[in-house]
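Enquirer: For reference, the sequence and a predicted model appear below.
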Amino acid sequence: MTNHRHARRPIAILAVSGVVAAIVIGTAQPSGAASTLGSAAAARGRVFAAALTTAHLNEAQYTNTFDTEYRGLTPENEMKWDATERSRNVFSFGPADTLVSHAQARGMAIRGHTLVWHSQLAPWVSRITAGSDLLAAMRNHINQVMAHFRGKIQYWDVVNEAFDGANRRNSVFQQRIGNTYIEEAFRAARAADPAAKLCYNDFSTDGVNAKSTAIFNMVQDFKRRGVPIDCVGFQSHLIVNQVPGDYQANLQRFANLGVDVNITEMDIRMPTPASAANLQAQANNYRTVVAACLAVARCTSITTWGVTDKFSWVPSTFPGQGAALLFDNNYARKAAYTSTLSALGG
């Protein structure tokens with residue numbers, strides 16, 4: 001799954017301090033029950049969010065479904081390096097501003113995604129040969145992007161996918177700057193926006209395994225040495241019937257370090273065309289993940305990587321697989337939608 005993010009055009013979520021009022025639809029469900037994913041999650045002190053892209057905002061069903069059901073937004077691609085700083089020190093924020101304004105107008109939480117990542121980099125970044133020059137470019141990128149959005153972003157994915165299994169990924173940042181580049185990124189981010197919560201985000205870390213343990217050890221070290229880190233994001237690009245049995249325990253061990261834990265890019269894929277059995281299993285799997293988040297006090301948000309199967313990144317990245325989200329190609333609510341809403345108490 002190392003290329004999942006780039007192939008799809010990704011994003012994220014965040015937590016807000018306010019509680020969104022639950023919507024009641026009378027006879028449709030018990031009195032007082034929240035009727036949307038966002039309102040049900042808010043009643044439990046969580047944000048239920050989705051990754052959104054400007055590419056589909058002109059499709060009414062896409063935008064209306066998002067606006068109705070979700071309370072948080074992660075830009076899929078619009079805040080990545082190649083979108084914001086295509087040429088060195090020349091910044092462009094138009095598409096990202098569109099999404100931020102859309103979320104703000106609706107009182108939604110916004111997750112910034114992402115500042116330092118080996119993929120979707122502007123080509124000039126990888127041509128830098130001196131570590132000191134790359135460090136300066138990285139610090140400037142973090143400072144300029146975060147300054148532009150200061151006060152609008154609750155959670156930032158500061159560093160994304162820096163591990164390849166139990167080891168550091170051999171990215172241009174790792175090669176040129178070395179092991180210190182992650183903490184340097186977090187220190188720069190804290191200086192750029194002291195109020196934003198700073199997160200490390202990665203995939204294939206949903207259970208206790210070599211990769212999640214390597215990240216756990218890094219976070220533990222950061223906390224001990226005073227490196228600013230507030231949050232760990234678990235992408236949770238899962239496969240039907242393969243949710244790790246220790247998912248909740250893994251979230252909890254990170255929370256015990258004194259950081260928030262967020263489910264940042266969730267989808268649960270299956271072979272397509274989807275069978276009735278797999279759709280029901282998917283519903284059970286979504287319920288399991290939501291229940292795990294609710295059981296961990298510091299799990300503050302759940303973000304799905306997209307709104308509808310129609311635009312999911314999965315089929316193009318994993319041929320023959322898909323049907324990974326809560327709404328199908330026609331925006332119909334799937335069994336997983338019902339189980340997710342029920343698990344949230346809606």
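Expert: Great, that's in hand. Computed from a predicted structure; not experimentally measured. Residues are numbered from 1 along each chain as shown.
Enquirer: now for the lengthiest helix in the chain, which elements pack on it?
Expert: Counting residues, the longest helix in the chain under DSSP state H turns out to be helix 276-295. Helix 276-295 is packed against helix 247-255, strand 260-271, strand 299-304, helix 335-343, with contacts defined by 3 or more Cβ pairs under 8 Å, 6 or more residues apart in numbering; DSSP states H and E. Every C-beta, even on glycine, is put in place using the N, C-alpha and C of the backbone.
Enquirer: what's the closest of the ones you listed to Leu135?
Expert: strand 260-271 (26.1 Å; Cβ to Cβ).
Enquirer: What pairs with that closest one, parallel or antiparallel?
Expert: Strand 260-271 sits in its sheet next to strand 231-234 (parallel), strand 237-239 (parallel), strand 299-304 (parallel), strand 321-322 (antiparallel), going by DSSP bridges.
Enquirer: Go ahead and name everything in contact with the longest one.
Expert: Strand 299-304 is touched from outside by 11-15, 41, 45-51, 72, 74, 109, 111, 155, 251, 255, 260-267, 289-290, 292-293, 325-326, with contacts defined as Cβ atoms under 8 Å, 6 or more residues apart in numbering.
Enquirer: For PyMOL, write a command that selects the buried ones of these.
Expert: Listed next is the PyMOL selection for buried residues among the contacts of strand 299-304, using 16 or more other Cβ atoms under 10 Å:
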select buried, resi 11+12+13+14+15+41+46+47+48+49+50+51+72+74+109+111+155+251+255+260+261+262+263+264+265+266+267+289+290+292+293+325+326
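Enquirer: In the protein, where is pLDDT below threshold?
Expert: Applying pLDDT under 70 to the chain flags residues 1-33.
Enquirer: quick one: the strands in it?
Expert: 47-52, 72-75, 109-117, 155-160, 163-164, 167-168, 197-202, 231-234, 237-239, 260-271, 299-304, 321-322 (DSSP state E).
Enquirer: Relative to Leu135, which of the ones you listed is closest?
Expert: strand 109-117 (11.0 Å).
Enquirer: Would you pull up how far that closest one lies from the middle of the chain?
Expert: In terms of Cα atoms, centre = their mean, to the nearest Å, the centre of strand 109-117 is found 8 Å from the chain centre.
Enquirer: Stretch 62-69 too?
Expert: 18 Å.
Enquirer: who's in contact with it?
Expert: 36-38, 48, 50, 52, 56-57, 73, 106, 307-308, 311, 327, 331.
Enquirer: Which one of these is nearest to Ser204?
Expert: Among the contacts of stretch 62-69, and counting by Cβ to Cβ, the member closest to Ser204 is Ala50, at 21.2 Å.
Enquirer: Endpoint to endpoint, stretch 192-206 covers what distance?
Expert: Terminal residues of stretch 192-206 lie 30 Å apart, using Cα to Cα, to the nearest Å.
Enquirer: What residues of the longest helix of the chain count as buried?
Expert: In helix 276-295, counting by 16+ other Cβ under 10 Å, buried: 278-279, 281-283, 285-290, 292-294.
Enquirer: Can I get those residues in JSON lines including distance to Arg168?
Expert: Formatted as JSON lines, these follow (distance: Cβ to Cβ, whole Å):
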{"residue": "Asn278", "distance to Arg168": "36"}
{"residue": "Leu279", "distance to Arg168": "38"}
{"residue": "Ala281", "distance to Arg168": "35"}
{"residue": "Gln282", "distance to Arg168": "34"}
{"residue": "Ala283", "distance to Arg168": "37"}
{"residue": "Asn285", "distance to Arg168": "31"}
{"residue": "Tyr286", "distance to Arg168": "32"}
{"residue": "Arg287", "distance to Arg168": "35"}
{"residue": "Thr288", "distance to Arg168": "31"}
{"residue": "Val289", "distance to Arg168": "28"}
{"residue": "Val290", "distance to Arg168": "32"}
{"residue": "Ala292", "distance to Arg168": "28"}
{"residue": "Cys293", "distance to Arg168": "28"}
{"residue": "Leu294", "distance to Arg168": "33"}
